[in-house]
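Q: sequence plus the predicted model coming up.
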Amino acid sequence: MKKANAIRSEFIQFFVDRGHTFVRSSSLLPIGDPTLLFTNAGMNQFKDVFLGTGTRPYKRATNSQKVLRVSGKHNDLDEVGRDTYHHTFFEMLGNWSFGDYYKREAIQWAWELLTEVWGLPIDRLYATVHHTDDEAAALWRELTPLPAERIMRFGDKENFWEMGETGPCGPCSEIHYDLGPEACDKGHVPGHRCGVNGGCGRYVELWNLVFIQYNRKADGTLEELPAKHVDTGMGFERIVAILQGKKSNYDTDLFTPIIEEILTLTGAGLEREEERVAVRVVADHIRALTFAISDGVLPANEGRGYVLRRILRRAARFARNLGAKEPLLHRLVPVVVREMGEAYPEIKEQAEHCSRVILAEEEAFGRTLDKGLALFADLSRNLRAEGKKIIPGAEAFKLYDTYGFPLDLTELMAAEEGLVVERDEFNRLMEAQRARARAGSQFGGDETNVHWEIVSSGTHSQFVGYEQLQTTTELR
Ligand code: ATP
Ligand code: MG
Ligand code: MG
Ligand code: MG
């Protein structure tokens, strides 16, 4: 079996051999870009080149980029664990042309790498194009043996790529792979039919070739860029799964060492679906935590730090479901570092710091986790007995304020029980608390309340609506 680390190298070598400069992954913290909380695609670090405001000493680049899709336009947090191919943190393999080659070479090389170098069976592959992109559709016909019916047209939702509310964007052409009917995970959904972009595990989206030619402006209009560029992104964990003959990303060597450690430390098994979901969440989240903390994020009560805290608390709750009575997450850091430290030396350097930060958070949340879980269990039992389905906002607020349960964690637990949280009431209570905090602040209008935040164990936090986290005001 070809190792993940070898697959990453082969991708980069393939493009280096075709005149691309290897550029290191940028940080998960976008530098100088107030429109993003976390790096969400390989192209982020080249945004200025696309916009024509910056230059590089090369016209072609390739890399493997660390990305985190937990906020803003690209947010996969709720899929993670439920399916086997969306992660919070993942690696995006990419190649770029800055005003150099365009659609022809992008398609030609993607096809060559997948089918000639890696030998993927042609009859499993599908291409998609933007419904207006006759040029790309014609190139797929000309350059590959794909029959017309496997070159499919989709609208903006699937085939017009944008990094955020504003910024470089353009029509895209994607490659999807048919893992076979057994990989469908939506068989139980009435009316489900497997298909490309059909939302089940069977047809996996592998590689997106974006033809960057516009800038989306703040007023929503598109402005033609000075030059045309290529920006591609391939899901590394997904290609590794395919090349290793696995149906799930979690069965690749990127995850199995972490999962083995989780099973050893908890004594849990993988017999039940709840266990499998929990193991996937913990394995996913520990990678996100390790990489984000290594890049300088710290758990906090707002902004990026609160996203991290929410990820950690989700993971801690799922670890508890697996039977972990003691802090467990920090003990997984060494495995992540062992497996990925070669490709990303920064996590090696920060390993101890990471473990320490995670342990402190686990201990803080651990003090209230069990009580919060007990409260939630009572609550859902009572609601069920009364035939009700709605968790009052005041109860969700109590879980938040007294027990440190972020709203999204409460909502996730509610969903598992077929319940929903009454959000309006929750938000009202949260707003009232913020107003009180502002009025009572001794720090004269310092809304970030930095001092208080550091000494706080985190359960009495100043809430920032997480749906607003992407706004620039939260990024002060
Ligand atoms: P999907 O439709 O599967 O959510 P996407 O269209 O949102 O993917 P793109 O923005 O096109 O993804 O990103 C480029 C590639 O990155 C995708 O083709 C896919 O292989 C991979 N990818 C996207 N999101 C994830 C994720 N959450 N976890 C792992 N890989 C991902
Ligand atoms: Mg997506
Ligand atoms: Mg998609
Ligand atoms: Mg896509």
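A: Everything's here; your move. Numbers count the residues shown, from 1 in each chain. Ligands and ions are numbered 1, 2, ... in the order given.
Q: for stretch 146-160, which positions count as buried?
A: Neighbour-count burial for stretch 146-160 flags Leu146, Arg150, Ile151, Met152, Phe154, Glu158, Asn159, Phe160 (criterion: 16 or more other CB atoms under 10 Å). Quick note: C-beta positions are derived from backbone N, CA and C, even for glycine.
Q: narrow those residues to those in strands?
A: Those of the buried residues of stretch 146-160 mapping onto strands are Ile151, Met152, Phe154, Phe160, per DSSP state E.
Q: wait, the third one touches Thr128, no?
A: Yes. In this structure, Phe154 is within contact of Thr128 by CB atoms under 8 Å, at 5.4 Å.
Q: what touches both of those two?
A: Residues touching both Phe154 and Thr128 (CB atoms under 8 Å, 6 or more residues apart in numbering): Asn197.
Q: burial count for the nearest residue to Ile358 once chain neighbours are set aside?
A: Distances taken as CB to CB, 6 or more residues apart in numbering put His330 closest to Ile358, at 4.1 Å, once the chain neighbours are dropped. His330 sits with 20 neighbouring residues when counted by other CB atoms under 10 Å.
Q: quick one: residues contacting His330.
A: Cys354, Ser355, Arg356, Ile358, Leu359, Glu362.
Q: just among these, which is most surrounded?
A: Neighbour tally across the contacts of His330 (other CB under 10 Å): the maximum, 26 neighbours, falls on Ile358.
Q: quick check: phi and psi on that residue?
A: For Ile358, the backbone dihedrals (degrees, to the nearest 10) come out as phi -70, psi -40.
Q: what does Leu68 give?
A: Main-chain dihedrals, Leu68, degrees, to the nearest 10: phi -130, psi 120.
Q: how about Tyr85?
A: Note on Tyr85: its backbone torsions stand at phi -140, psi 0 [degrees, to the nearest 10].
Q: the residue of the stretch 251-400 of the chain found nearest ligand 1: what secondary structure?
A: When scored by CB to the nearest ligand atom, the stretch 251-400 of the chain has Asp284 as its residue closest to ligand 1, at 8.8 Å. Following DSSP: H, G, I helix; E, B strand; the rest coil, the label given to Asp284 is helix.
Q: so it touches Phe89, yeah?
A: Yes. Asp284 is in contact with Phe89 according to CB under 8 Å; the separation is 7.1 Å.
Q: on that earlier part again, neighbours of the residue of the stretch 251-400 of the chain closest to ligand 1, just the number please.
A: Using other CB under 10 Å, the number of residues around Asp284 comes to 28.
Q: likewise for Gly52?
A: 14.
Q: leaving out the residues flanking it, which one is nearest to it?
A: In this structure, Gly52 finds its nearest non-sequential neighbour in Pro226, 4.3 Å apart by CB to CB, 6+ apart.
Q: what's the neighbour count on the one you found?
A: Pro226 has 10 neighbours, counted by other CB under 10 Å.
Q: related to what we said a few turns ago, mind listing which of the contacts of His330 are in helices?
A: Cys354, Ser355, Arg356, Ile358, Leu359, Glu362 (DSSP state H).
Q: secondary structure class for the residue nearest to Ile358?
A: For His330, the assignment made with three-state DSSP gives helix.
Q: from Asn321, how far off is it?
A: Computed as CB to CB, to the nearest Å, the His330 to Asn321 distance reads 18 Å.
Q: with Ser248 instead?
A: Ser248 sits 20 Å away from Asn321, going by CB to CB.
Q: look up phi and psi at the residue in the stretch 151-300 of the chain that ligand 1 sits nearest to.
A: When distances are taken as CB to the nearest ligand atom, the stretch 151-300 of the chain reaches nearest to ligand 1 at Gly235, 2.5 Å away. Per-residue torsions, Gly235: phi -70, psi 110 (degrees, to the nearest 10).
Q: burial count for it?
A: By other CB under 10 Å, 23 other residues sit near Gly235.
Q: dump the residue contacts of it.
A: By CB under 8 Å, 6+ apart, the contact list for Gly235 reads Tyr85, Phe90, Met92, Glu205, Leu206, Trp207.
Q: which residues touch the first one?
A: If you count contacts by CB under 8 Å, 6+ apart, Tyr85 has them with Gly201, Val204, Gly235, Glu237, Arg238, Ala241, Ser248, Asn249.
Q: any low-confidence regions in the chain?
A: Along the chain, the model assigns pLDDT under 70 to residues 442-476.
Q: quick one: name the residues of it near ligand 1.
A: Contact residues, the chain versus ligand 1 (CB under 6 Å from any ligand atom): 69, 76, 86-87, 90, 92, 205-208, 233-235, 237-238.
Q: of those residues, grab the buried ones for ChimeraX.
A: Filtering those down to the buried ones (16+ other CB under 10 Å) takes a single ChimeraX command:
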select :69,76,86,87,90,92,205,206,207,208,233,234,235,237,238
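Q: which of the residues of the chain next to ligand 1 fall in strands?
A: Using DSSP E, the residues of the chain next to ligand 1 in strands are Phe90, Met92, Glu205, Leu206, Trp207, Asn208, Gly233, Met234, Gly235.
Q: turn the residues you listed into a markdown table, columns for distance to Lys2.
A: Compiled in a markdown table, those are given as follows (distance: CB to CB, whole Å):
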| residue | distance to Lys2 |
| --- | --- |
| Phe90 | 19 |
| Met92 | 19 |
| Glu205 | 21 |
| Leu206 | 16 |
| Trp207 | 18 |
| Asn208 | 23 |
| Gly233 | 21 |
| Met234 | 16 |
| Gly235 | 17 |
